[in-house]
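Participant: Starting from these lines, generate the structure:
(chains A and B)
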Amino acid sequence: MSDTPSEHVPLRLRLAAKGIDGVTLLVLPLVVALILLFVYPFLYGLWLSFRPKDGSLLGNYAKFFSDPFLYETVGKTLWLAIPVTVINLVVAIPVALRVRLMRRQRVLTTILVLPITLGTVLVAEGMLNYFGPQGWFNRVLLTALGPQGWFNGPLMDVFGPHGWFDQTLMMGPLMTAPLISGPLKLVHNYTGVLLSLVITGFPFTFLLVLSYLTGIDPALEKAAATLGAGPGSRFRHIIMPLLLPGLAVTFCLGFVQAYSVFPSAVLLGAPSGPTRVISIAAYEAAFEQYDYSLASAIAMIMGVTLLLVVIAVLGARTLVYRGPAGGGKG
Amino acid sequence: MRDVISPVRTLTDRIWVTFVWVVTGFFIVNLFAMIGTVIVSSLGTRWLGTWLPAGWTGNWYLSAWDEFQLGDLLTVTFEVVFAVVALSGLIGIPAAYALARRDFPGKRVVMLLLLLPLIIPPITYGIPLATVLYVTGLGGTLNGVILANLVPALPFVVLVMIPFIEQIDPRVEDAARVFGANTFRLFWHVLLPLLLPGALAALLLVLVRTIAMFELTFLTAGPGDQTLVVALYYAVFAAGVRAVQSIDAMAVVYMLTTLVWLIVALRFVNPTQMVTRGKQQQTDNG
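Facilitator: Predicted coordinates:
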């Protein structure tokens, strides 16, 4: 480090050659802030998780994996997060493929960015009204398909007892009761949380997929079309391989969001039953039992679960696809 | 553009297109109806078992303003949001400049450090962060809330700004130096005007995201420094204590504060940038 005269090159120049000068120092406040506010708390949490109230090293982790009220949260959260992520991705791909060809995408993307901007709490409040037993959604369903609904009579005439279907095919009636007899229970249960995760997660997934799709050079697809490839084979051989790295990232980001669901699981779910997700357990440990050590341990378990899924998905991607990982940006 | 890959040709194509539009249409109709329910409810007198409320009134806004102390909530919300925007701009934009212009040892570590807070969900790092803040006495204070909200805001500003700064030709700065500009004049007359559009976009995005940031504020705020979204959560959580319409009126106030800034932000950025963290800028031109 010492600036000996024998080297004849001042320290300032030697550092500048490595890219360190006055401008580089502008990074320092950022690095300090992130270390103090992100790295240190994380390490502190990790350390704290090994200092449980009972004094043993692994007490918190032993407690988590022996108490069904705690360890079951992992399964419950996965049971929400994985279906939601898959649904969002499977619906987002065809929609994005079509929207990509539209000239005026901005109206649609602006509408879809609304639920993301408004956030899960507002979506939860809206859903409680809208999907509730007296809400417009159930009202429309009952008006259409309920016992006195518009379509119930015609449906009964065709599929009901002594209906057309029954009399011509002699296979018995397909419908013996109206499709819907009362309002559907769509909030304060698993469905409520699932729906809320779709409402905020689908736009997120869609916008990510769309941005990856627009990153694929349209000339590649045109070349394939010129050579006689139909839409199906263009999708399989051109779009899909280029999109796959982006899809893997989208899946991971969507999954991370769904796995960390908190406000909607409390407000729209059954927070002591089927939607007692892992973040609820962590929150309760920290702010209801004031056991920060256990709470940190749960947060660490949450982080590790996320990491495992992300590694599995990205690993699976490399098994399927061995091309450049750039996602077709070139 | 549409010569070779023409949409709508065969029957399967038509079915596929119809399916896509039905799904999108269904989603959007329900989304608007859901938001509409909140607005209609906040303006209705009594709404039980009918399509629309029995009568219309604006009184719920007055009562919500008193009940939830919306004035205080709005003050706290904007104190937090503007402090976060100012700090993340002051720290983030110079750092983004350095990261865009210099290649130094450890740059990859810094980039990883920037990505992690955006990938790891707030509730995961929020709990250890809240613990540290409570241990140091900052938990439950306005400063604690601001510090916690900086964690996702700083990397966001930096990652949006880096590609923006990279596209500014460094020769412009060199030219200014050659003509004798000192660092201050270079910054004031050359860099600032060039950086302004990007900085505005990045900071507006941070603003919108911070208003809606629930988890970190929820974990670190005490009773006196709740933001609007956290107060809304508590109100919905304790539903039954207050009239539904009153909570809905508060939800509408929250919606308006967010949407006003969203509309301003969308004049400068593409909606896709709300989720893709600045990656969009290069691909958007295509």
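Participant: could you dump whatever helix or strand A:L247 lives in to CSV, C-alpha only?
Facilitator: Assessed by DSSP states H and E, A:L247 sits inside helix A:240-259. Output in CSV follows, covering the C-alpha atoms of helix A:240-259 (Å, rounded to 0.1, in the frame of the first residue of the first chain):
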residue,chain,number,x,y,z
MET,A,240,-40.0,-20.9,-26.9
PRO,A,241,-36.2,-21.6,-26.8
LEU,A,242,-35.5,-17.9,-26.7
LEU,A,243,-38.2,-17.2,-24.2
LEU,A,244,-37.4,-20.0,-21.8
PRO,A,245,-34.6,-18.2,-19.8
GLY,A,246,-37.0,-15.3,-19.4
LEU,A,247,-39.8,-17.6,-18.4
ALA,A,248,-37.6,-19.2,-15.7
VAL,A,249,-36.8,-15.7,-14.3
THR,A,250,-40.5,-14.7,-14.5
PHE,A,251,-41.5,-17.9,-12.7
CYS,A,252,-39.0,-17.2,-9.9
LEU,A,253,-40.0,-13.6,-9.4
GLY,A,254,-43.7,-14.5,-9.5
PHE,A,255,-43.2,-17.3,-7.1
VAL,A,256,-41.2,-15.1,-4.7
GLN,A,257,-44.1,-12.6,-4.6
ALA,A,258,-46.7,-15.3,-4.1
TYR,A,259,-44.7,-17.1,-1.4
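Participant: mind listing what's buried in it?
Facilitator: Neighbour-count burial for helix A:240-259 flags A:242-259 (criterion: 16 or more other CB atoms under 10 Å in any protein chain shown). Using the backbone N, CA and C atoms, a C-beta is placed for each residue, glycine as well.
Participant: State the next helix or strand along the chain beyond the helix or strand hosting A:L207.
Facilitator: Using DSSP H and E, the element containing A:L207 is helix A:190-214. Where DSSP H and E defines the elements, the next helix or strand beyond helix A:190-214 is helix A:218-226.
Participant: Now do the same contact list for the residue of the stretch 151-300 of chain A found nearest chain B.
Facilitator: Proximity of the stretch 151-300 of chain A to chain B (CB to the nearest CB) peaks at A:S260, 3.2 Å away. A:S260 sits next to A:S279, A:M302, A:L306, B:P121, B:P122, B:I123, B:T124, B:E215 when contact means CB atoms under 8 Å, 6 or more residues apart in numbering or on different chains.
Participant: Looking at the stretch 101-250 of chain B, which residue is nearest chain A?
Facilitator: B:P128 (2.7 Å).
Participant: neighbours around the residue nearest to that residue when sequence neighbours are not counted, how many?
Facilitator: Here the nearest residue to B:P128 in space, its sequence neighbours aside, is A:G45; by CB to CB, 6 or more residues apart in numbering or on different chains that works out to 2.7 Å. A:G45 has 25 neighbouring residues, counting by other CB atoms under 10 Å in any protein chain shown.
Participant: is it true that A:G45 touches B:T131?
Facilitator: Yes - when contacts are counted by CB atoms under 8 Å, A:G45 is listed as touching B:T131 (6.5 Å).
Participant: joint contacts of these two?
Facilitator: Joint contacts of A:G45 and B:T131 (CB under 8 Å, 6+ apart) are A:S296.
Participant: returning to that earlier point: and the residue of the stretch 151-300 of chain A closest to chain B, what are its phi and psi?
Facilitator: With angles defined as degrees, to the nearest 10, A:S260 sits at phi -100, psi 20.
Participant: what stretches of the chain score poorly on pLDDT?
Facilitator: Since you didn't name a chain, this refers to chain A. Residues of chain A meeting the criterion pLDDT under 70: A:1-7, A:321-330.
Participant: Hmm, no, I was thinking of chain B.
Facilitator: For chain B (pLDDT under 70), the answer is B:1-9, B:276-286.
Participant: So which residue is smack in the middle of it?
Facilitator: Residue closest to the average C-alpha location in chain B (CA atoms, centre = their mean): B:R209, at 1.6 Å.
Participant: contacting residues around that residue?
Facilitator: B:P152, B:A153, B:F156, B:M274.
Participant: From these, pick out the ones that also neighbour chain A.
Facilitator: Contacts with chain A within the contacts of B:R209, counted by CB under 8 Å from any CB of the partner chain: B:M274.
Participant: Report how many residues lie close to B:A86.
Facilitator: B:A86: 12 neighbours (other CB under 10 Å).
Participant: quick one: the helix holding A:L247 to helix A:218-226, angle?
Facilitator: Counting by axes from the mean of the first three to the mean of the last three CA atoms, to 10 degrees, helix A:240-259 lies at 130 degrees to helix A:218-226.
Participant: relative to helix A:190-214, how tilted is helix A:240-259?
Facilitator: Here the directions of helix A:240-259 and helix A:190-214 differ by 150 degrees (the same axes, to 10 degrees).
Participant: Mind listing what's buried along the helix or strand encompassing the residue nearest to the centre of chain B?
Facilitator: Using DSSP H and E, B:R209 maps to helix B:192-212. Across helix B:192-212, burial judged by 16+ other CB under 10 Å covers B:194-195, B:198-212.
Participant: picking that back up, neighbour-wise, which one of the contacts of B:R209 leads?
Facilitator: Busiest of the contacts of B:R209 [other CB under 10 Å] is B:A153, holding 29 neighbours.
Participant: my guess is that one contacts B:V206, does it?
Facilitator: Yes - in terms of CB under 8 Å, B:A153 counts as a neighbour of B:V206; the distance is 4.8 Å.
Participant: what residues are shared contacts of the two?
Facilitator: Counting by CB under 8 Å, 6+ apart, the contacts common to B:A153 and B:V206 are B:V84, B:V85, B:S88.
Participant: Count the neighbours of the first one for me.
Facilitator: Residues lying near B:V84 (other CB under 10 Å) number 28.
Participant: Identify the residue nearest the geometric centre of chain A.
Facilitator: Nearest residue to the geometric centre of chain A (CA atoms, centre = their mean): A:G254, 2.6 Å.
Participant: Nearest spatial neighbour of it, chain-adjacent residues omitted?
Facilitator: Nearest one to A:G254, counting by CB to CB, 6+ apart, is A:T85 at 4.6 Å.
Participant: The helix or strand hosting that neighbour vs helix A:190-214, what angle?
Facilitator: Element membership of A:T85, judged by DSSP H and E, is helix A:68-99. Helix A:68-99 and helix A:190-214 are oriented at 40 degrees to each other (the same axes, to 10 degrees).
Participant: Mind listing what's buried along helix A:68-99?
Facilitator: Buried positions in helix A:68-99, judged by neighbour count with 16+ other CB under 10 Å: A:70, A:73-74, A:76-78, A:80-81, A:84-85, A:87-89, A:91-99.
Participant: before we move on, the earlier item: ok, for the residue of the stretch 151-300 of chain A closest to chain B, nearest residue in space, not its chain neighbours?
Facilitator: Spatial nearest neighbour of A:S260, excluding adjacent residues (CB to CB, 6+ apart): B:P121 at 3.2 Å.
Participant: A:M302 versus the one you found, what's the distance?
Facilitator: Noted for B:P121: a distance of 8 Å to A:M302, by CB to CB, to the nearest Å.
Participant: So these two - more neighbours on which side?
Facilitator: Counting neighbours by other CB under 10 Å for B:P121 and for A:M302 shows that A:M302 has the greater number, 26 against 22.
Participant: looking at this, that one is in a helix?
Facilitator: Yes - counting by DSSP: H, G, I helix; E, B strand; the rest coil, one finds A:M302 located in a helix.
Participant: Surely it is in contact with B:Y125?
Facilitator: No - under the criterion of CB under 8 Å, A:M302 makes no contact with B:Y125, lying 10.0 Å away.
Participant: For A:L34, see how far away the residue of chain A found nearest chain B is.
Facilitator: Chain B sits closest to A:G45 of chain A, with a gap of 2.7 Å, by CB to the nearest CB. Counting by CB to CB, the gap from A:G45 to A:L34 is 16 Å.
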